[in-house]
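Asks: model this:
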Amino acid sequence: MGWIKRNLFIVVGGVVALALLGGAGFFIFEGWTSNSTASDKLKEIYDKLGQLAQQKPSPGNEKINNTLIAKDQEKELAAWIQSTRGFFLPVTSVPAGGAVTSEAYAAALRRTIDLLQHEADSASVTLPPKYDFSFSAQRPLVKFAAGSLDPLATQLGEVKTISEILFAARINALVGIQRVRVSEDDVNGPQSDYLDERPVTNTLAVLTPYVITFRSFTPELARVISGFATSSNAFIVKSINVQPANGASASADAGAAPGGYPGGYPAAQPGGMPPGMMGRMNRGEYYPPPAAAPVAAPQPVPGKGGLQIVLKEQLLQITLEVELVKLLPKS
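Replies: Model (predicted):
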């Protein structure tokens, strides 16, 4: 104790020095731990950057900034999508306008069907008898199911547009147009007017299906496809089913006589003999039938020259599955 009293300043200085050394050691330890953690994070970032640099496409380097390029391309894509909206114009409803009343729709339906029938007649397109263009269930009505007027008005406009494309192509005959059911009144309509499918909605648009069956030759079919492709409304032709149109059945061979006998015998009796043959045989007076007159072999028709016909055009029955694309309103 005496030594401590004599060297009090030395002892105090040593204690202070030890405290300072301990604090410095603790500070160094914390700094080292922090540096180690930062080094690990930096190494992880470098590793991820190296992986990204090896990918295709990569974020770029000091000369090429692919991230900025991608943002510019995203802006260009958004501008292009906006510019294409002109090719996805909605079909005008019939009747057009706001809220549709039963009286207005009934009048517009009859007027539109009459108009389409006259257009078909002007284009020499044959229609089924008293054809209502898939609206047979609604044609005689004056009151319609609740909530169905707006969808029906939309469908009437779409069917009108499709029909006019077919008439402009000068098809030979329209067999039928099928649409989806949108009203309780559709339950009472013929099955041939409807599809069992439903419209499909995605993040951009609603796709409404239609099935069209008509008869034509291949040039008219090409004009129909071109009409859908160049329409201001976005039609997608999903499938085409082509087969020969049903024609009249071939007549029977005109040279064959009943019973297979030449010379035109009447119907044979039981046993395959003509009438009276059995009596003649019993009296011993059977005479064989006269021999058939020889038929001259057909002579070949001399050729007229020119190109030989390799493919003969025939009437076809075509079934198209078509989807109408209707863009959703911008949110």
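Asks: wait, what's in contact with Y194?
Replies: 134, 178-181, 186 (CB atoms under 8 Å, 6 or more residues apart in numbering). C-betas here are computed from N, CA, C, even on glycine.
Asks: Dump the residues you listed to a markdown table, plus secondary structure, pLDDT and neighbour count.
Replies: Below are the contacts of Y194 laid out as a markdown table (DSSP: H, G, I helix; E, B strand; the rest coil; pLDDT from 0 to 100; neighbours: other CB atoms under 10 Å):
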| residue | secondary structure | pLDDT | neighbour count |
| --- | --- | --- | --- |
| S134 | coil | 95 | 24 |
| Q178 | strand | 97 | 19 |
| R179 | strand | 97 | 23 |
| V180 | strand | 96 | 16 |
| R181 | coil | 95 | 19 |
| D186 | helix | 93 | 20 |
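Asks: What distance do you get for A153 to L42?
Replies: 65 Å (CB to CB, to the nearest Å).
Asks: For stretch 143-158, which residues meet the burial criterion?
Replies: Buried residues in stretch 143-158, counted by 16 or more other CB atoms under 10 Å: 144-145, 148-149, 151-158.
Asks: Tell me which residues are up against that stretch.
Replies: 91-96, 100-102, 105-106, 108-109, 112, 135, 138, 179, 182-185, 208, 210, 324.
Asks: one more time with 7 Å, if that's ok
Replies: Contacts to stretch 143-158, defined as CB atoms under 7 Å, 6 or more residues apart in numbering, come from residues 91-95, 100, 102, 105, 109, 112, 135, 138, 179, 182-185, 324.
Asks: Also stretch 81-95?
Replies: Here stretch 81-95 makes contact (CB under 7 Å, 6+ apart) with 104-105, 108, 112, 153-154, 156-158, 160-161, 232-234, 325-327.
Asks: Give me the below-cutoff pLDDT ranges for the stretch 51-200 of the chain.
Replies: 52-62 (pLDDT under 70).
Asks: Tell me how far N202 lies from L327.
Replies: From N202 over to L327 (counting by CB to CB), the distance is 11 Å.
Asks: Same question for A38.
Replies: 51 Å.
Asks: Between the two, which is the more surrounded one?
Replies: Using other CB atoms under 10 Å as the criterion, A38 and L327 rank with L327 on top: 15 against 10.
Asks: now G86: how far from I69?
Replies: G86 is 28 Å from I69, by CB to CB.
Asks: If you could redo that for S39, that was the one I meant.
Replies: On the measure of CB to CB, S39 and I69 end up 32 Å apart.
Asks: With T101 instead?
Replies: From T101 to I69 the distance is 55 Å (CB to CB).
Asks: helix/strand/coil for I177?
Replies: strand (DSSP: H, G, I helix; E, B strand; the rest coil).
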